[in-house]
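Q: Take a look and give me a structure for this.
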Amino acid sequence: MKIALDRKVVIVSGAGRGIGREIALMAAAANAAVVLAARTRSQLDEVAAMIAANGGVAHVVPIDLSERHAAVELVKAAVDRFGRLDIVVNNAGATVIANTGMQKEDDLRAVYELNVFALIALTQSALRHMIRSRWGRIINISSVSAKYGPAYNGAYASSKAAALGFTRSVARETAALGITSNAICPWHVKTDFVDEAMSRRARMFGKTAESYLADIVAASPMKRLIDAREVAGLAVYLMSDFAGGITGQSLNVCGGAMME
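A: Residues are numbered from 1 along each chain as shown. Presented below is the predicted three-dimensional model:
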């Protein structure tokens with residue numbers, strides 16, 4: 001099976017590094033036109049250069065999606081550049097590690113602004129174009145944390161759980177319109193984002209980041225961390241016509257840490 005996205009236009013938020021970067025590269029390799037969105041322009045330029053070097057098409061939009069109206073501006077930039085919008089990958093995310101009783105309200109709000117409100121805003125803006133064309137894909141990068149509920153990670157876990165509920169609601173509203181809405185739930189992916197979060201958790205328990213990650217690997221049925229490309233592969237499959245019958249699902253990429 002070879003996935004060909006036939007110049008479908010894909011927005012990937014958080015495309016500068018980690019999972020978002022791999023999704024963008026893989027989507028471009030499948031012949032999508034990729035709109036790269038994130039806060040850091042230098043990271044986006046690097047990804048765009050990699051795509052161009054392989055004959056792909058990318059458009060860079062440096063933007064902070066936690067800001068008001070940013071989602072509308074991003075969708076407008078995509079449509080102005082390519083004349084259409086077919087797929088949105090809501091990947092941009094934030095986390096904070098804290099004891100629930102000591103959680104700062106400002107930190108909680110910052111996590112929700114990006115993980116929930118920005119996700120909803122970008123989906124709303126994109127749906128206006130997808131409904132007109134009666135075809136579209138919404139792919140939300142949630143987390144196994146949404147189902148597992150790890151300690152000291154309440155802001156992140158609850159925000160990712162909110163994303164799952166929203167994913168299902170959108171799926172029910174749009175299923176008859178040729179639009180699918182699904183969530184991917186990774187767990188302990190080898191990325192800078194996870195390394196940074198695990199380092200903060202390790203300090204809470206008086207451990208080094210290396211020893212903390214070693215304990216996580218030991219507890220995994222596969223005895224390893226997930227590769228970001230394994231998440232990206234599922235995302236690109238969900239973009240394709242092969243996945244047209246899949247909607248409203250939350251699909252784990254977790255090495256068997258949670259089995260459903």
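
Q: C-alpha only now, for contacts and for neighbours.
A: Noted.

Q: who touches N140 in this structure?
A: N140 sits next to V89, N90, N91, L119, A163, T167, S181, N182, A183, I184 when contact means CA atoms under 8 Å, 6 or more residues apart in numbering.

Q: Next, format those residues as a markdown table and append distance to S133.
A: Putting the contacts of N140 into a markdown table (distance: CA to CA, whole Å) gives the following:
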| residue | distance to S133 |
| --- | --- |
| V89 | 18 |
| N90 | 20 |
| N91 | 23 |
| L119 | 21 |
| A163 | 25 |
| T167 | 20 |
| S181 | 16 |
| N182 | 19 |
| A183 | 22 |
| I184 | 25 |
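
Q: Inside strands: which ones of these?
A: V89, N90, S181, N182, A183, I184 (DSSP state E).

Q: can these go into TSV with extra columns for neighbour count?
A: Listed next are the ones in strands among the contacts of N140 as TSV, based on neighbours: other CA atoms under 10 Å:
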residue	neighbour count
V89	27
N90	27
S181	27
N182	27
A183	28
I184	23
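
Q: Ramachandran angles for I139?
A: phi -130, psi 110 (degrees, to the nearest 10).

Q: can you count the residues close to it?
A: 25 (other CA atoms under 10 Å).

Q: Surely it and L119 touch.
A: No - counting by CA atoms under 8 Å, I139 does not reach L119; the two are 10.1 Å apart.

Q: Find residues that contact each of these two.
A: N90.

Q: What pLDDT is listed against L108?
A: Per-residue pLDDT puts L108 at 94.

Q: what helix or strand does it sit in?
A: Element membership for L108, per DSSP states H and E: helix 105-112.

Q: helices and strands around that helix, which ones?
A: helix 154-174 (3 or more CA pairs under 8 Å, 6 or more residues apart in numbering; DSSP states H and E).

Q: what residues does the helix it packs on touch?
A: With CA under 8 Å, 6+ apart, helix 154-174 has contacts from 94-96, 98, 100, 108, 111-112, 115-116, 119-120, 140, 142-143, 145-147, 149-150, 179-183, 247-250.

Q: Could I have the PyMOL command that selects the buried members from those?
A: In PyMOL, a selection of the buried entries from the contacts of helix 154-174 looks like this (16 or more other CA atoms under 10 Å):
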select buried, resi 94+95+96+98+108+111+112+115+116+119+120+140+142+143+145+146+147+149+179+180+181+182+183+247+248+250
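
Q: Wait, S13 touches N91, no?
A: Yes - when contacts are counted by CA under 8 Å, S13 is listed as touching N91 (5.2 Å).

Q: Quick one: the helices in the stretch 51-200 of the chain, in order.
A: 70-82, 105-112, 118-133, 145-148, 154-174, 192-204 (DSSP state H, counting those that start in this stretch).

Q: Kind regards, and thank you for your time.
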